[in-house]
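K.L.:
Got a sequence here, can you build the structure:
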Amino acid sequence: MNPETASKQSITIGRGKANHIVVPTLSITEVHARVVRHPSREGDTYWLEDNNSSNGTYVNDFRIVRRRLQPDDQVRIGNQVLTYRRLIKAFSRNPDDYTREFAELEGIWEDYIALKEQLENRNLADQVSDLTVGVPLIGLALGRLLGAERSARKKRELAELEAQMTQVYACPKCGTPFPLTRDSSFRMLLQRSVNQKQGHCLAGCGAIWTI
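P.N.:
Here you go, the predicted model:
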């Protein structure tokens with residue numbers, strides 16, 4: 001199965017840049033899987049087929065060889081989750097146009113910043129509470145213990161939040177994650193893309209972020 005010779009009724013997914021959907025992960029083969037469209041009067045149906053990959057193709061956490069896709073399905077290839085919408089979009093006239101999907105990342109970034117601030121502010125409130133507990137001496141020891149536990153919990157929650165962000169705050173085509181720093185805010189990414197890549201993905205996958 002070669003992406004260059006695949007008919008217009010199918011798209012390929014894999015690590016190679018010639019694929020319609022590029023997943024740049026070492027656990028993914030060059031051409032890992034494909035989606036085949038079957039037109040009909042009742043409406044097109046889409047079938048996902050694994051390409052004899054070593055690490056497999058999963059739909060809703062079940063490994064598949066061939067399966068008809070449904071709108072609420074989630075496809076997992078390696079550590080990359082692909083939605084039904086993203087897979088079907090690859091059949092569109094211009095599969096590299098991800099302006100709408102990229103715009104949705106602005107809300108994701110804003111939610112991330114809000115949740116991060118909530119965690120940090122809650123930790124400050126916990127510290128004030130610990131000071132009130134820290135009298136007399138036994139209370140002071142208890143306050144320190146509670147403070148250490150809350151600090152460890154906050155670190156875990158922040159790590160979980162950032163792990164989730166690395167999956168969703170990424171190029172909507174190739175899945176390249178963006179660093180979670182002030183310089184990678186949505187507006188900064190948009191400006192860098194316009195300045196450096198004329199509105200395209202900074203990772204070079206060819207996705208159009210803005211027109």
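
K.L.:
In terms of helices and strands, where is the closest residue to residue 78 other than its chain neighbours?
P.N.:
Of all residues not flanking residue 78 in the chain, residue 27 sits nearest, at 4.1 Å (Cβ to Cβ, 6 or more residues apart in numbering). Every C-beta, even on glycine, is put in place using the N, C-alpha and C of the backbone. Using DSSP states H and E, residue 27 maps to neither a helix nor a strand.

K.L.:
And for residue 40?
P.N.:
Per DSSP H and E, there is no helix or strand for residue 40.

K.L.:
got the CA positions of stretch 164-172 in CSV?
P.N.:
C-alpha atoms of stretch 164-172 as CSV (Å, rounded to 0.1, in the frame of the first residue of the first chain):
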residue,chain,number,x,y,z
GLN,A,164,-3.3,16.0,28.9
MET,A,165,-2.2,19.3,27.2
THR,A,166,0.6,17.6,25.2
GLN,A,167,-2.0,15.4,23.6
VAL,A,168,-4.5,18.1,22.6
TYR,A,169,-2.4,21.3,22.3
ALA,A,170,-0.6,20.2,19.2
CYS,A,171,-0.6,20.6,15.4
PRO,A,172,-4.0,19.3,14.3
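
K.L.:
can you list the residues that contact that stretch?
P.N.:
79, 81, 86, 98, 101-102, 104-105, 108-109, 112, 176-178, 180, 201-203, 205, 207 (Cβ atoms under 8 Å, 6 or more residues apart in numbering).

K.L.:
Buried ones in it, by neighbour count?
P.N.:
165, 168, 169, 170, 171, 172 (16 or more other Cβ atoms under 10 Å).

K.L.:
Those into TSV, with extra columns for pLDDT, secondary structure and distance to residue 46?
P.N.:
Listed next are the buried residues of stretch 164-172 as TSV, based on pLDDT from 0 to 100; DSSP: H, G, I helix; E, B strand; the rest coil; distance: Cβ to Cβ, whole Å:
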residue	pLDDT	secondary structure	distance to residue 46
165	88	helix	29
168	85	helix	23
169	91	coil	27
170	90	strand	23
171	91	coil	23
172	87	coil	19
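
K.L.:
what ranges do the helices span in this protein?
P.N.:
Taking DSSP state H, the helices of the chain run over residues 84-89, 99-103, 105-133, 137-168, 186-197.

K.L.:
about what we covered before: now for the residue nearest to residue 78: which residues touch it?
P.N.:
Counted by Cβ under 8 Å, 6+ apart, residue 27 has contacts 55, 78, 79.
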